[in-house]
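> predicted coordinates and the sequence they were generated for:
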Amino acid sequence: MRVTLFLITTLLWSAATGAPPDAAAMQAKAQALLVGTFDNAAQLAKAPAGAEQPVPHVTVKIEPTPQKDFSLWHVRIQTDAESTFEQTWAMQTRIEHDGSGALIPYYQLHQDSVPSAAAFDGQGWLSLEACALRGNFTPTRLQGMAEGEPCVAVSMSVGARRALLPVGLVRDGEWLHLDMNLRGVRTRIDARQSR
C-alpha cells in the first residue's frame, strides 16, 4: 500500500511539474560540476606547428550566481599575440521533462564591462534558447549539443560574438571539451581545469 501511494504521489508530482522527481538534485549537481577555470594550454602544446587554421588559446571561467540555475561563463579567445576576444554568457541549467539536461545561453545586448557573478540579475539578459546545449547529464558527466540551423538563425543577432558561443559541450573529469564555430569552422577546444 505504501509503495503504491509513493508511486502515485511521484507520478502526480512529475505530471504537475513536468520534470522528473530528482530534477532539482540533478540540476544542482550539474551546476556544481560546471564551476571552475579551464584552459586549453595542453592542447596548444601538442598542436602541430604551421597549421593553416591553428587552434586558439581559450580560457573559460565558469562562476555560480545567486540564482541557483544560472552560471556566468567568461570566455576568452586569443587567436594571435595581438588579437584577443572576450564575451560573458549567462548559462541556465535545466533538467527537461524526459530527464535530459540543457544549458540555455543568455547574452547582454550591450556588454560594456565584465558582468559580476555576485551581482547577476537575469532581467538584463536575452535568451538564445535555440542554441541550448541539450543532451545527457549525469552526476559526473555532462554532454550536450546545439541544433545547427536553429542556432545559426537565432545567433545572427549576436553578431561576431557568436564565435565565442559554445555549440557543443562535454564536461568529464578535469576536462571541459567545447565545440565552437571559429572562422566558420567547427573547432574542438580541449580545456583542462586549472582551479
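All right, it came through fine.

> quick one: secondary structure of Gln43?
helix (DSSP: H, G, I helix; E, B strand; the rest coil).

> ok, the closest residue to it other than its chain neighbours - contacts?
Of all residues not flanking Gln43 in the chain, Asp190 sits nearest, at 4.4 Å (C-beta to C-beta, 6 or more residues apart in numbering). Quick note: C-beta positions are derived from backbone N, CA and C, even for glycine. Taking C-beta atoms under 8 Å, 6 or more residues apart in numbering, we find Asp190 in contact with Asn40, Ala42, Gln43, Trp175, His177.

> report pLDDT for the second one.
Spelled out, it's Ala42. Looking at Ala42, its pLDDT is 95.

> that one contacts Arg192, doesn't it?
Yes - look at Ala42 against Arg192 with C-beta atoms under 8 Å: they come within range, at 5.5 Å.

> those two: which is more packed in?
Arg192 (16 against 12; other C-beta atoms under 10 Å).

> on that earlier part again, bridged to the residue nearest to Gln43, which residues?
When assigned by DSSP bridges, Asp190 has beta-bridge partners His177.

> how close does it get to Glu174?
11 Å (C-beta to C-beta, to the nearest Å).

> avg pLDDT for stretch 137-153?
Taken as a whole, stretch 137-153 has an average pLDDT of 89.

> mind checking the end-to-end distance for that stretch?
Criterion C-alpha to C-alpha, to the nearest Å; first-to-last residue distance in stretch 137-153 is 26 Å.

> ok, stretch 100-120 next?
Taking C-alpha to C-alpha, stretch 100-120 runs 26 Å from one end to the other.

> centre of the chain to it, how far?
11 Å (C-alpha atoms, centre = their mean, to the nearest Å).

> same deal with stretch 135-150?
9 Å.

> what residues sit buried inside that stretch?
Buried positions in stretch 135-150, judged by neighbour count with 16 or more other C-beta atoms under 10 Å: Gly135, Phe137, Leu142, Gln143, Gly144, Met145, Ala146.

> mind giving me the packing neighbours of the strand ranked longest in the chain?
Taking DSSP state E as the criterion, the chain has its longest strand at strand 83-95. Strand 83-95 sits against helix 23-34, strand 70-80, strand 101-107, with contacts defined as 3 or more C-beta pairs under 8 Å, 6 or more residues apart in numbering; DSSP states H and E.

> I am finished for the moment; much appreciated.
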